[in-house]
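Student: okay, here's the prediction I keep looking at, along with the sequence it came from:
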Amino acid sequence: MSNIKVGVIGLGQRGSGLLEQILLQRNDITVSAVCDCYDDRAQAAAKAVVAANQPSPAVYLDFHKLIEDENVDAVIITSAWESHIPIAIAALNAKKPVAMEVGGAYTIEQCFALVNTYEETKTPFMFLENCCFGRREMMIRNMVKQGVFGEIVHCAGGYHHDLRHEISFGIENRHYRLRNYLSRNCENYPTHELGPIAKILNLNHGNRMLTVSSTASKSAGLHAYVVKNKDALNHLKDASFAQGDVVTTVIRCARGETIVLTLDTTLPRYYSRGFTVRGTAGMYEEATDSIFLDNTEDASHDFEWRSTQVGNAQRYTEQYEHPVWKKYLADGVQGSHDGMDCLEFDVFFDCLKHNKPMPIDVYDAASWMAVTALSEQSILLGGAPVPVPDFTNGAWAMDYENTK
């Protein structure tokens, strides 16, 4: 494929942003079709394509029509969470390569359906977890690979993001998060934190998740926000939000590591992904952007370290910056989310053109997204551990010799 004809399904905030900031900036693809269930969003996307000096794309309100379009080579799914897997399955069955945005799964059965469809069709599929391409995430992964932190024992991460406005004004903004927070109580957005950790711990490639145990705090943040903004949000004054304000998930892995994920989106706070890696020789903490290595000049302890070394990760970049980011910084970082989006689409289209395996594949998508459905079960069971299915059917263990 020298010039790939792309169809984009879902043109809300995320979809329109990717369209204008990433896809329409590329010279190796053409956006040949756009689709959204809201006509105004689809028409606005079509105008953006024309404004970028590309031919006017086909406009659809039904994603099936876009998938059937012979002028579409690959499908990018940026729609509401509930529709991700059904749309991906339809596209794979039509032999259209898929790049699918992140979100949690609603059932384990749909995760298996996604894997089974891929295995039946062998159509290229990539899960668009952009945080796997973050600068610090890739640098720390490089340091782990070189053994800098010793044997990895524990990792943590979180989606710490004050989304009270986005959720509460979901009707006005036609945003899917509101209906999810009204009806579900789970770790609803696990992959921003889990994705980079999964790559560090070689999950599905010599290691895998065994159990998920989740607990949820009470739900109070959104109600307080509605009361505070009662004039604009009067229609939600009697709403009962099912989603707990803070959900804590503990994952146990086959090689003995533990992972803690935290969903924290409905209380006032600063943004953080809480990315933390702990090993026998040191640690990294994203919240303060700090590296602590045993037996080094930075290894002063307790209050002395806190006063002199917090935020010291930058000094390690010259030695441990990931090669991908070294080149990226030299060439000029582009696009949204600090350049992560551009990198992930570079990889997707490169793999598609050269028939290479996708770095975040269908097995990653199924297992990472499954955490949402499993966390919902665990919360209902009072935090009891719930087993994680092996979506690779045993193939994860076959990679052990290459990853240990």
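Tutor: Yes, it's here.
Student: got any ranges where this structure has weak pLDDT?
Tutor: With pLDDT under 70 as the threshold, the chain has low-confidence stretches at 1-2, 296-308, 400-404.
Student: where along it do the strands fall?
Tutor: In the chain, the segments counted as strands under DSSP state E are 4-9, 29-35, 58-60, 74-77, 98-101, 125-128, 152-160, 209-216, 246-253, 258-264, 276-279, 282-285, 290-293, 386-387.
Student: nearest to Gln334, out of the ones you listed?
Tutor: Closest approach to Gln334 among the strands of the chain (Cβ to Cβ): strand 29-35, 15.0 Å. In short, each C-beta sits where N, CA and C put it, glycine included.
Student: possible to save the strands of the chain as CSV with mean neighbour count and distance to Leu203?
Tutor: CSV is the format used below for the strands of the chain (neighbours: other Cβ atoms under 10 Å; distance: least, Cβ to Cβ, whole Å):
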stretch, mean neighbour count, distance to Leu203
strand 4-9, 24, 28
strand 29-35, 25, 31
strand 58-60, 19, 36
strand 74-77, 26, 23
strand 98-101, 27, 18
strand 125-128, 26, 13
strand 152-160, 22, 10
strand 209-216, 21, 6
strand 246-253, 22, 7
strand 258-264, 21, 9
strand 276-279, 22, 14
strand 282-285, 21, 18
strand 290-293, 20, 23
strand 386-387, 16, 15
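Student: in a markdown table, list the ones you listed along with distance to Gln377.
Tutor: Supplementary listing: the strands of the chain in a markdown table, determined by distance: least, Cβ to Cβ, whole Å:
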| stretch | distance to Gln377 |
| --- | --- |
| strand 4-9 | 29 |
| strand 29-35 | 33 |
| strand 58-60 | 36 |
| strand 74-77 | 25 |
| strand 98-101 | 23 |
| strand 125-128 | 22 |
| strand 152-160 | 20 |
| strand 209-216 | 8 |
| strand 246-253 | 12 |
| strand 258-264 | 15 |
| strand 276-279 | 26 |
| strand 282-285 | 31 |
| strand 290-293 | 36 |
| strand 386-387 | 5 |
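Student: tell me which of those strands sits nearest to Met358.
Tutor: Taking Cβ to Cβ as the measure, the strands of the chain were each checked against Met358, and strand 125-128 came out nearest at 4.0 Å.
Student: contacting residues around the closest residue to Leu233 other than its chain neighbours?
Tutor: Distances taken as Cβ to Cβ, 6 or more residues apart in numbering put Val226 closest to Leu233, at 4.6 Å, once the chain neighbours are dropped. Shown in contact with Val226 (Cβ atoms under 8 Å, 6 or more residues apart in numbering): 168, 233, 236-237, 239.
Student: next one: Val226 relative to Glu166, how far apart?
Tutor: Taking Cβ to Cβ, to the nearest Å as the criterion, Val226 is separated from Glu166 by 14 Å.
Student: do the same with Met138
Tutor: In this structure, Met138 lies at 28 Å from Glu166, with Cβ to Cβ as the measure.
Student: neighbour count winner among those two?
Tutor: For Met138 versus Glu166, neighbours defined as other Cβ atoms under 10 Å are more numerous around Met138 (23 against 15).
Student: who touches the closest residue to that one other than its chain neighbours in this structure?
Tutor: What sits nearest to Met138 in space, not counting adjacent residues and going by Cβ to Cβ, 6+ apart, is His322, at 3.8 Å. Shown in contact with His322 (Cβ under 8 Å, 6+ apart): 135, 138-139, 141-142.
Student: just Ser56 next, same as before
Tutor: With contact set as Cβ under 8 Å, 6+ apart, Ser56 has these partners: 46, 49-50.
Student: re the thing from before, farthest-separated two in the contacts of Val226?
Tutor: Ser168 and Lys237 (11.2 Å).
Student: and the two? which has more neighbours close in?
Tutor: Set side by side, Ser168 and Lys237 show unequal neighbour counts under other Cβ under 10 Å, the larger going to Ser168 at 26 against 10.
Student: circling back: now, the contacts of His322 that are in helices?
Tutor: Of the contacts of His322, the ones assigned to helices by DSSP state H are 135, 138-139, 141-142.
Student: from the residues you listed, which is closest to Ala99?
Tutor: Proximity of the ones in helices among the contacts of His322 to Ala99 was ranked by Cβ to Cβ; the top entry is Met138 with 19.4 Å.
Student: so which residues of the stretch 101-250 of the chain form helices?
Tutor: 108-121, 135-145, 164-168, 170-173, 177-183, 191-200, 221-228 (DSSP state H, counting those that start in this stretch).
Student: returning to that earlier point: redo the contacts of His322 as a markdown table? Include distance to Glu344.
Tutor: Putting those into a markdown table (distance: Cβ to Cβ, whole Å) gives the following:
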| residue | distance to Glu344 |
| --- | --- |
| Arg135 | 13 |
| Met138 | 12 |
| Met139 | 17 |
| Arg141 | 15 |
| Asn142 | 17 |
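Student: what about the helices in the stretch 251-400 of the chain?
Tutor: Secondary structure of the stretch 251-400 of the chain (DSSP H, counting those that start in this stretch): helices located at 302-308, 317-320, 323-331, 340-354, 362-380, 400-403.
Student: show me which residues of the second one are buried.
Tutor: When burial is assessed from 16 or more other Cβ atoms under 10 Å, helix 317-320 yields the following buried residues: Tyr320.
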